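Participant: Here you go, sequence then predicted model.
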Amino acid sequence: MKLTLKVFRFNAETDYLPHYDTIEMEVDPKEVVLDLLNRIKWEHDGSFTYRRSCRHGICGSCAIKVNGRSTLACKERVVDMVETFGTELTLEPVSKKRAIKDMVVDKGDFWQKYDKVIPWLVAEIDEHPKMENIIPPSEAEKLEDADYCIQCGCCYYACPVVEVNEEYLGPAAFEKAYRFTADVRDHAKKDRLQIVDQLGQGVWDCVKCFECAEACPKHIDPIGKITKLHNQIFEEGVAKSNVATRHAVGFKRSIKKHGILDEGDLVLYSEGFGVFKHIPEALEMFKKGKIVLPWNMPKSKNLDEIKKLVDIASTVKF
Amino acid sequence: MSKLRYALYTGCTARESTPELLKSTLAIAKKLDIELVLLDEASCCGASHLQDFDPFLSLVLNARNICYAEKRDLDMVTICNTCQLNTAMTKHKLDSDPELKAKVNEKLEEVGLVYLGTSNVRHFLYALIEDYGLDNLRDRVVKPLSHLNIAPFYGCHNIRPSELHHHFNRTKENPYNPTSLDELIEALEGNSVDYEHKNKCCGFHVDLQAPKTSNILTGNAIVDALDNNADMMVTPCPLCHLNLDVKQKAATKAVNRDLPNPMPILHLPQLIGLALGCTPQELGLQHHVTEVPA
């Protein structure tokens, strides 16, 4: 199989702008993307630079982007990339704006944010225990697969919020926070939840795009952990009353009232006094017949059923 | 082909802030002789926010919605990506976890319902492609869209997480290179515009708490479509539509671009309706904040 590779080249020490090398290569479909990186270096240009180490999908070094898709080079088969994108593949670092040399990026912000969630077990450990400290399987299962994360950054650099909000901690840090908030031995659950509850940096700024779930080479489902953190924030009483928490709670309130969502009431309830900033937009929408007035608000049929279910199936209070 | 019948879960937006979506969906169903039975009993799906607060309640309410399609012995179709995601996620969880299904049914039984798992749940886009077929659709085109460059905006919740959607759609859409909308545009004889942001996020779900994020993401998508010569954008999701259409000025301002002309944003059934010869009135084009030129 003959591939055309467009390879991102940049040296932060000498180059003002990056450029792309085009390389034609005969490729065995069984090869993985890392084989291509090796062959570019060995057969075409010895100065080509990339990170790699274990070649077993466990060290997390070799994450790059192929045609914009985050991938762990040692795990991704060329044949699957060709099936998705065809025979012209663009190889780029996971983040072009963080590039130091070719595929190598500065992961400084990734690690700084990772550190913010206290990514270690906080516990009083008896160094000379008299008996084994047993964690029942039911407790251990709550971690799910959260400790399989290899910090490769695939999810972080696929996250669109990370690109536009420098404060945002991002899916990898949240995933790690959950790894400890779900750990029965840990004593810092509330501290971590307070960190991820903060507007701007925390889970409330997640846009729910599922890019992280799609990008994770270990199939850890970071957004699933983000949802769990939302749940723990309410369960542990950490949630403050703000626009984001009221927005989540507002759905229950509205469903109980009408079955279907009362969009206007949801914005009003979530924003409080902040609702005034929406007035110009609301007027434009009203002119176009996009706003249902309260007295015309439609209701679901069999609303009594919905009201009863909200009463008997609710499990969380706020 | 025997007449196609589905239970239509309209979602809330199509009954409130995007009435044109419901109107145009019903208009094209009539043209294509597809019967859509409205699920008027359905509640809101929780829009991917309710489960952040109360995941069990979210499952129960979504399961109830599916029950009403099952009672009618029909597959469900959705016209909102986020409704599709929440409904499909619920269905997948219940169908793969008998214990959880029993717990949910315990609640549903109190209102005389039972979730069985017998109805499939798909977005109308995929029902059209998989059951009606693009060839049949092509045969019904009376006003080909050949003069138009149309940028498809897929919307996250129809394509990601792909593993979930592949359980319900025969179309195995690749989230990194989705093609269904492009193929549909081509079937209507339009030119589909290839651009980087077609499978990216519009930021709708943080509109309230992080409007800057949301505006930048929406702005990036519109500007990218424009720079690739799009005359208009089309989306299967009313939430994406709200951001792209209603918030267009704020969004393009957030990415520091003055558009020479506003970018018209069509709902998927509106685009199909134009090709099938529906009038702008029938498709509710007058409801758009960003005008759609005649």
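Facilitator: Nice, thanks for sending it over. Numbers count the residues shown, from 1 in each chain, chains lettered A, B, ... in the order given.

Participant: which element is B:Thr252 on?
Facilitator: helix B:248-254 (DSSP states H and E).

Participant: In CSV, list the C-alpha atoms belonging to that helix.
Facilitator: Extracted as CSV, the C-alpha positions of helix B:248-254 are listed here (Å, rounded to 0.1, in the frame of the first residue of the first chain):
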residue,chain,number,x,y,z
GLN,B,248,-24.4,34.1,15.0
LYS,B,249,-23.5,37.8,15.5
ALA,B,250,-22.1,37.3,19.0
ALA,B,251,-20.2,34.1,17.8
THR,B,252,-18.5,35.7,14.8
LYS,B,253,-17.7,38.8,16.9
ALA,B,254,-16.0,36.4,19.5
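
Participant: hmm, who's touching that helix?
Facilitator: B:211-212, B:214-216, B:218-219, B:222-223, B:243-244, B:258-259, B:262-263, B:265, B:289-290 (Cβ atoms under 8 Å, 6 or more residues apart in numbering or on different chains). In short, each C-beta sits where N, CA and C put it, glycine included.

Participant: so how far is A:Asp221 from A:Gln151?
Facilitator: 16 Å (Cβ to Cβ, to the nearest Å).

Participant: For A:Met1, list the residues it contacts.
Facilitator: Taking Cβ under 8 Å, 6+ apart as the test, what A:Met1 contacts is A:26-29, A:78-79, A:82, A:87.

Participant: no no, A:Leu34
Facilitator: Neighbour list for A:Leu34: A:52, A:55, A:62, A:73-74 [criterion: Cβ under 8 Å, 6+ apart].

Participant: now swap in B:Thr78 and tell me
Facilitator: B:9, B:11, B:84, B:87, B:121-124.

Participant: Model confidence for it, exactly?
Facilitator: pLDDT, B:Thr78: 98.

Participant: and it, bridged to which residues?
Facilitator: Applying DSSP bridges to B:Thr78 gives these bridge partners: B:Tyr9, B:His123.

Participant: And the host helix or strand of B:Phe56, what does it pack against?
Facilitator: Using DSSP H and E, B:Phe56 falls within helix B:55-71. Helix B:55-71 sits against helix A:303-313, strand B:5-9, helix B:50-53, strand B:76-78, helix B:81-96, helix B:98-109, with contacts defined as 3 or more Cβ pairs under 8 Å, 6 or more residues apart in numbering or on different chains; DSSP states H and E.

Participant: Show me the shaky parts of the stretch 101-250 of chain A.
Facilitator: Residues of the stretch 101-250 of chain A meeting the criterion pLDDT under 70: none.

Participant: What residues does it have near chain B?
Facilitator: A:160-161, A:164-165, A:199-200, A:204-211, A:213-214, A:221, A:227, A:230-231, A:234, A:242-244, A:247-249 (Cβ under 8 Å from any Cβ of the partner chain).

Participant: What residues does residue 110 make contact with?
Facilitator: Just going to use chain A. Here A:Phe110 is in contact with A:151, A:153, A:156, A:170, A:172 (criterion: Cβ under 8 Å, 6+ apart).

Participant: actually it's chain B I care about, not the one you picked
Facilitator: So B:Glu110 contacts A:308-309, A:312 (Cβ under 8 Å, 6+ apart).

Participant: which residue ranges form the helices in the chain?
Facilitator: No chain specified, so I'll use chain A. A:33-39, A:78-85, A:108-116, A:137-140, A:154-158, A:160-164, A:171-181, A:189-197, A:211-215, A:222-235, A:243-258, A:263-271, A:279-287, A:303-313 (DSSP state H).

Participant: wrong one, I was asking about chain B
Facilitator: For chain B, applying DSSP H gives helices covering B:19-31, B:50-53, B:55-71, B:81-96, B:98-109, B:124-127, B:134-140, B:156-159, B:162-168, B:180-187, B:211-227, B:238-241, B:248-254, B:268-276.

Participant: okay, these in CSV with mean neighbour count and mean pLDDT next?
Facilitator: Converted to CSV, the helices of chain B look like this (neighbours: other Cβ atoms under 10 Å in any protein chain shown; pLDDT from 0 to 100):
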stretch, mean neighbour count, mean pLDDT
helix B:19-31, 22, 98
helix B:50-53, 26, 97
helix B:55-71, 24, 98
helix B:81-96, 23, 98
helix B:98-109, 15, 98
helix B:124-127, 23, 98
helix B:134-140, 14, 97
helix B:156-159, 28, 98
helix B:162-168, 17, 97
helix B:180-187, 21, 98
helix B:211-227, 23, 98
helix B:238-241, 28, 98
helix B:248-254, 20, 97
helix B:268-276, 26, 98
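
Participant: So which of those is nearest A:Asn38?
Facilitator: Closest to A:Asn38 of those, according to Cβ to Cβ: helix B:162-168, at 29.1 Å.

Participant: Against which helices or strands is the closest one packed?
Facilitator: helix B:81-96.

Participant: what helices or strands is the helix it packs on leaning on?
Facilitator: Using 3+ Cβ pairs under 8 Å, 6+ apart: helix B:81-96 touches helix B:55-71, strand B:76-78, helix B:98-109, strand B:121-123, helix B:156-159, helix B:162-168, helix B:238-241.

Participant: what angle do it and helix B:55-71 make?
Facilitator: 90 degrees (axes from the mean of the first three to the mean of the last three Cα atoms, to 10 degrees).
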